[in-house]
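Below is the structure, and that's it, no one-letter string:
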């Protein structure tokens, strides 16, 4: 069983070192910007929806 585990670790290492293509710094930065932009856009949309529904509920149920 220990031999299988060691073999698995060796194969995993070989795959990560020789078979995996890692993104370049430029590709990584572009992806990070896309994720950041999408996250901010979604946050703004949720904020606007929350703000709108809050004011609609205040009209329906005045204090």
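All right, it came through fine. Quick caveat: nothing in here was measured; it's all calculated off a predicted structure.

distance between the ends of stretch 16-28?
18 Å (Cα to Cα, to the nearest Å).

gap between residue 4 and residue 12?
Here residue 4 is placed at a distance of 12 Å from residue 12 (Cβ to Cβ, to the nearest Å). C-beta coordinates here come from the backbone N, C-alpha and C atoms, glycine included.

Please read the previous query as pertaining to residue 29.
Distance, residue 29 to residue 12, by Cβ to Cβ: 28 Å.

for residue 28, same thing?
22 Å.

again, but for residue 1
17 Å.

between the two, which one's more packed in?
Neighbour totals were compared for residue 1 and residue 12, and residue 12 leads with 10 against 5 (other Cβ atoms under 10 Å).

Secondary structure element for the residue positioned nearest the centre of the chain, which one?
Ranked by distance to the mean C-alpha position of the chain (Cα atoms, centre = their mean), the top residue is residue 35 at 6.6 Å. Using DSSP states H and E, residue 35 maps to helix 25-60.

What's the mean pLDDT across that helix?
Here helix 25-60 scores 97 as its mean pLDDT.

what's the spacing between that helix and its chain's center?
With Cα atoms, centre = their mean, to the nearest Å as the basis, helix 25-60 stands 14 Å off its chain's centre.

How much space separates the residue nearest to the centre of the chain from residue 24?
Taking Cβ to Cβ, one finds residue 35 at 17 Å from residue 24.

Likewise for residue 2?
Residue 2 sits 38 Å away from residue 24, going by Cβ to Cβ.

and if you look at residue 55?
Taking Cβ to Cβ, one finds residue 55 at 47 Å from residue 24.

Comparing residue 2 and residue 24, which residue is more hemmed in?
Shown here are residue 2 and residue 24; by other Cβ under 10 Å, residue 24 has more neighbours (9 against 6).

Over to the more buried one: give its phi and psi.
phi -80, psi 170 (degrees, to the nearest 10).

show me the contacts for it.
By Cβ atoms under 8 Å, 6 or more residues apart in numbering, the contact set of residue 24 is empty.
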